[in-house]
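>>> fold the following, please.
(chains A and B)
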Protein chains: 2
Amino acid sequence: MRLSRYFLPVLKETPSEAQIVSHRYMLRAGMIKQASAGIYSWLPLGYRVLRNIENIIHEEQARAGHIPMLMPTLQSADLWRESGRYDDYGAEMLRMKDRHERDMLFTPTAEELITDIFRAHVSSYRDLPLTLYQIQWKFRDEVRPRFGVMRGREFYMKDGYNFDLTYEDAMHAYNRHLVSYLRTYERMGLQAIPMRADSGPIGGDDTHEFLVLAETGESEVFYDSEITELKFGSREIDYDSKEQCQAVLEEFTSRYARTDETHDEALFEKIPEDRRRTARGIEVGQIFYFGTKYSEPMGATVVDDQGNHVPVHMGSHGIGVSRLLGAIIEASHDDKGIIWPEGVTPFHCGIVNLKTGDAEADAACETIYAALTALGLEPLYDDTDERAGAKFATMDLIGLPWRITVGPRGLKNGVVELTSRRTGESEELPPEQAVKRIAAIYGLTSE
Amino acid sequence: MRLSRYFLPVLKETPSEAQIVSHRYMLRAGMIKQASAGIYSWLPLGYRVLRNIENIIHEEQARAGHIPMLMPTLQSADLWRESGRYDDYGAEMLRMKDRHERDMLFTPTAEELITDIFRAHVSSYRDLPLTLYQIQWKFRDEVRPRFGVMRGREFYMKDGYNFDLTYEDAMHAYNRHLVSYLRTYERMGLQAIPMRADSGPIGGDDTHEFLVLAETGESEVFYDSEITELKFGSREIDYDSKEQCQAVLEEFTSRYARTDETHDEALFEKIPEDRRRTARGIEVGQIFYFGTKYSEPMGATVVDDQGNHVPVHMGSHGIGVSRLLGAIIEASHDDKGIIWPEGVTPFHCGIVNLKTGDAEADAACETIYAALTALGLEPLYDDTDERAGAKFATMDLIGLPWRITVGPRGLKNGVVELTSRRTGESEELPPEQAVKRIAAIYGLTSE
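Got it, this is the predicted structure:
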């Protein structure tokens, strides 16, 4: 993308309403614009990151064998009356009447609707196991929406639902989700720690929240410092293997890690003192097993191999997609701006032309741009006639992890500059070598 | 995808509520399920087609230089009061109050919000031309929603907005959209004819609707039969060239083609009688130029090169994404089911194992499945133990354009069967050749 043809409205001023760094940088980098309280438009740069995050989730869900679909944002109140949650949900549920005076609501979650789909179409244990998921807009009418996309009212969420014949199968689905979530967050450059949590209005006994440690987190968390040394890494997992998934769950949940809701001071004090940590965390996902809480009242049963009608065991599993942008920025920034992990960056690298209009500099930039594009990479080429300092400031603010700087002086010596946003370190090298290095960073060969 | 692990709830019965063929087949093929009147869940198969259509639109918009972003589904009423449309829109606009009693609405279109974003961030003519678009859920509270996704209440729509300094530039944006829409629809296997139309509540003088001819279309259309012979084809277009885009517009709109709203019988009768056609059409898109209708009242101005503040010239351009599934099926089906064009098919081909459990048949299917997958194609492999007739009926119903049938008898002779869904013609050939043929159909080489 050429910056001269893009829409990247960066702000010089720090918006006064933004209290936390991710909110400030998302506004300043032209990623979002508030439409009304807690409701945002995703400007092109923000939209690109949102799509990258969404794609990682889709890829990891496919790997785990989960099936994508989509449910509507508006639902009839009837199903929610059937489950009993229509009254439970309170003022956070946005309710409305349609032109025929029927009660409708904007979905905050979709256990009822997915259970209704299941009971209409599935009747035999032979169709199990089944895990369906969607990534769709949700709404929760927070009293005081704040912190930008971290605590918005309209938010983008992945919600998945497993249907299983037995408790054991449902726990395998639970574990499978835990494994796939670990992979998902790591691909986004995040360490998200699974912690014992409280089930809240979803219900159920077994639940883990995934928390990213950050000073601005809304939850107080307590953990054994050994847990932060765990990495999922590049290990291969057979998601059909109950043993393998269970082993990962045990590895990642056997050490103490809890939110304040489930914190147990006595247990915590059994950890050696030098490993006890208290910190703050941002919740970026949660998995639940809730058994037959919805299937029983809603009649979602299957016939088992003995001919008995039995309610299915269910769980639901969520990732806060839009809030992840905030969480990633909270975890990865400096005083100049955002530092995107390579897995989610809106553009793979920036190209800064120090002297737009200079024939040699223009030509070198075009060559680099074409070479990166031919590799399937998406560079952002600052081809404007801004001065160099302003171009660097914008690149630092929007946080592309790599920058290639091209100027007449370097070109005289046959080199451009490759700079890491994270370390600030620069290296001079010939343009072709810079392209090869970027290709290697993103796991491509430049052939 | 292996059918045994997929969620494809096909129905044997024809649902009584479905009056038109696309609605019937979408329900029977397990693509959608009604959640409430005019509101649908997209089951996995339907979701796949929706995503394919969405991807084609994104690719063609990128080719035209238009920039993707995303606006929220819920908007404050304030902006709509500013433009004067809050009262104009009537009962089709779904309105609600949030917990603080503020007036909100579910967006039926987004001229106001995009204009608000523009005026907040753009102030110079040097930032023009600019075209932003989104693909987002919309809501129109139809009195009598019907025909499935063809006339639903919650629907998925691409809406794009151009901002230009002059009338001439805005007309270039208009023409550019016309060109990109022609390409877009052709990639979906559709002939969508641009017809002079009425602007309705969007406003403006220049507008074309894109109509797909189909008996079940909601509009009566009148056209010169020569228009159906036009093909955009694989020609290369420079979207920056005003001349090239203008030439395409002239080629595709110089013959008579109008909906009943703008039909002019006197003009129509000037066409030679044997070329006059009256038919029905499904509207799948519309482009508008409306000048300063929103920019003037909302103060969306830029400073031009003389230092004057001038309101920008705008247009908006929509594609009915969810309704396209219905339109494609209306245009491409037979009495056995859907016939997907290759450009949008949910799976590239089906693999039918005539004797699941037979070691040789299973192995051959696995080999074909792996070979297609390695090419980046997505086959649907029916590995269930249904009888052959039921497997064929399902494949015909869900409409994959190609099917590879694998059975012990053929394998004895070293062949499988490759069948075209459209023509019904079959050919026996070795498994590797069948894979090569599928690869060639989708423009891949199989090395």
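>>> longest strand of chain A?
The residue-count maximum for a strand in chain A (DSSP state E) belongs to strand A:276-291.
>>> please tell me how far A:Leu324 sits from B:Leu325.
Remark: distance between A:Leu324 and B:Leu325 (C-beta to C-beta, to the nearest Å) = 30 Å. Quick note: C-beta positions are derived from backbone N, CA and C, even for glycine.
>>> same deal with A:His66?
Distance, A:His66 to B:Leu325, by C-beta to C-beta: 23 Å.
>>> which one's more surrounded, those two?
Set A:His66 next to B:Leu325 and count neighbours by other C-beta atoms under 10 Å in any protein chain shown: B:Leu325 wins out with 29 against 23.
>>> and the next element down the chain from whatever helix or strand that one lives in?
B:Leu325 is located in helix B:321-331, with elements delineated by DSSP states H and E. Using DSSP H and E, the next helix or strand after helix B:321-331 towards the C-terminus is strand B:333-334.
>>> what number of residues lie near the closest residue to A:Trp80 other than its chain neighbours?
Excluding its sequence neighbours, the residue lying closest to A:Trp80 (C-beta to C-beta, 6 or more residues apart in numbering or on different chains) is A:Tyr86, at 3.8 Å. Neighbourhood size, A:Tyr86 [other C-beta under 10 Å]: 17.
>>> thinking A:Tyr86 is in contact with A:Ser76, fair?
No: assessed by C-beta atoms under 8 Å, A:Tyr86 is found out of contact with A:Ser76, at 10.2 Å.
>>> show me what contacts whichever residue of the stretch 101-250 of chain A sits closest to chain B?
For the stretch 101-250 of chain A and chain B, the shortest gap (C-beta to the nearest C-beta) falls at A:His121, measuring 3.6 Å. Going by C-beta atoms under 8 Å, 6 or more residues apart in numbering or on different chains, A:His121 touches B:Phe7, B:Pro9, B:Gly30, B:Lys33.
>>> right, and the first one touches B:Gly46 too?
Right, B:Phe7. No: counting by C-beta under 8 Å, B:Phe7 stays clear of B:Gly46, with 11.2 Å between them.
>>> list the residues that contact both of the two?
Common contact partners of B:Phe7 and B:Gly46 (C-beta under 8 Å, 6+ apart): A:Met69, B:Gly30.
>>> who's more crowded, these two?
B:Gly46 (24 against 20).
>>> tell me the helix or strand right after whatever helix or strand A:Asp362 lives in.
A:Asp362 belongs to helix A:359-374 when assigned by DSSP H and E. Sequence order places strand A:379-382 as the next helix or strand after helix A:359-374, per DSSP H and E.
>>> and that next one, which residues are buried?
A:Pro379, A:Leu380, A:Tyr381, A:Asp382 (16 or more other C-beta atoms under 10 Å in any protein chain shown).
>>> can I get the residues you listed in TSV with distance to B:Ile39?
Shown next, in TSV, are the buried residues of strand A:379-382 (distance: C-beta to C-beta, whole Å):
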residue	distance to B:Ile39
A:Pro379	42
A:Leu380	39
A:Tyr381	43
A:Asp382	45
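>>> before we move on, back to that, list phi and psi for the residue nearest to A:Trp80.
The phi/psi pair for A:Tyr86 (degrees, to the nearest 10) reads phi -60, psi -40.
>>> quick one: low-confidence parts of the stretch 51-200 of chain A?
A:199-200 (pLDDT under 70).
>>> ranges for the strands of it?
A:67-68, A:74-76, A:95-97, A:103-106, A:130-139, A:154-164, A:192-196 (DSSP state E, counting those that start in this stretch).
>>> okay if I get these as a markdown table plus distance to chain B and mean neighbour count?
Formatted as a markdown table, the strands of the stretch 51-200 of chain A follow (distance: least, C-beta to the nearest C-beta, whole Å; neighbours: other C-beta atoms under 10 Å in any protein chain shown):
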| stretch | distance to chain B | mean neighbour count |
| --- | --- | --- |
| strand A:67-68 | 5 | 20 |
| strand A:74-76 | 4 | 22 |
| strand A:95-97 | 4 | 17 |
| strand A:103-106 | 7 | 20 |
| strand A:130-139 | 6 | 22 |
| strand A:154-164 | 5 | 24 |
| strand A:192-196 | 24 | 23 |
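>>> the helix holding B:Leu325: which residues count as buried?
B:Val321, B:Ser322, B:Arg323, B:Leu324, B:Leu325, B:Gly326, B:Ala327, B:Ile328, B:Ile329, B:Glu330, B:Ala331.
>>> looks like the fifth one contacts B:Val149 (just checking).
When you say that, I think you mean B:Leu325. Yes: assessed by C-beta under 8 Å, B:Leu325 is found in contact with B:Val149 at 5.7 Å.
>>> need the residues touching each of these two.
With C-beta under 8 Å, 6+ apart, B:Leu325 and B:Val149 have common neighbours B:Ser22, B:Met26.
>>> which SS state does A:Ala390 fall under?
At A:Ala390 the chain is in helix, as set by DSSP: H, G, I helix; E, B strand; the rest coil.
>>> per-residue pLDDT of it, please?
On pLDDT, A:Ala390 comes in at 97.
>>> need the strands of the stretch 51-200 of chain A in CSV (columns: distance to B:Thr115).
Shown next, in CSV, are these (distance: least, C-beta to C-beta, whole Å):
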stretch, distance to B:Thr115
strand A:67-68, 34
strand A:74-76, 26
strand A:95-97, 25
strand A:103-106, 25
strand A:130-139, 22
strand A:154-164, 20
strand A:192-196, 39
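>>> quick one, which of those is nearest to B:Glu220?
Of all those, it is strand A:74-76 that lies closest to B:Glu220, at 31.9 Å by C-beta to C-beta.
>>> any buried residues in stretch A:14-27, and which?
A:Ala18, A:Ile20, A:Val21, A:Ser22, A:His23, A:Arg24, A:Tyr25, A:Met26, A:Leu27.
>>> neighbouring contacts of it?
With C-beta under 8 Å, 6+ apart, stretch A:14-27 has contacts from A:11, A:28, A:31-34, A:46, A:146-150, A:216, A:325-327, A:329-330, A:333, A:337-338, A:397, A:399.
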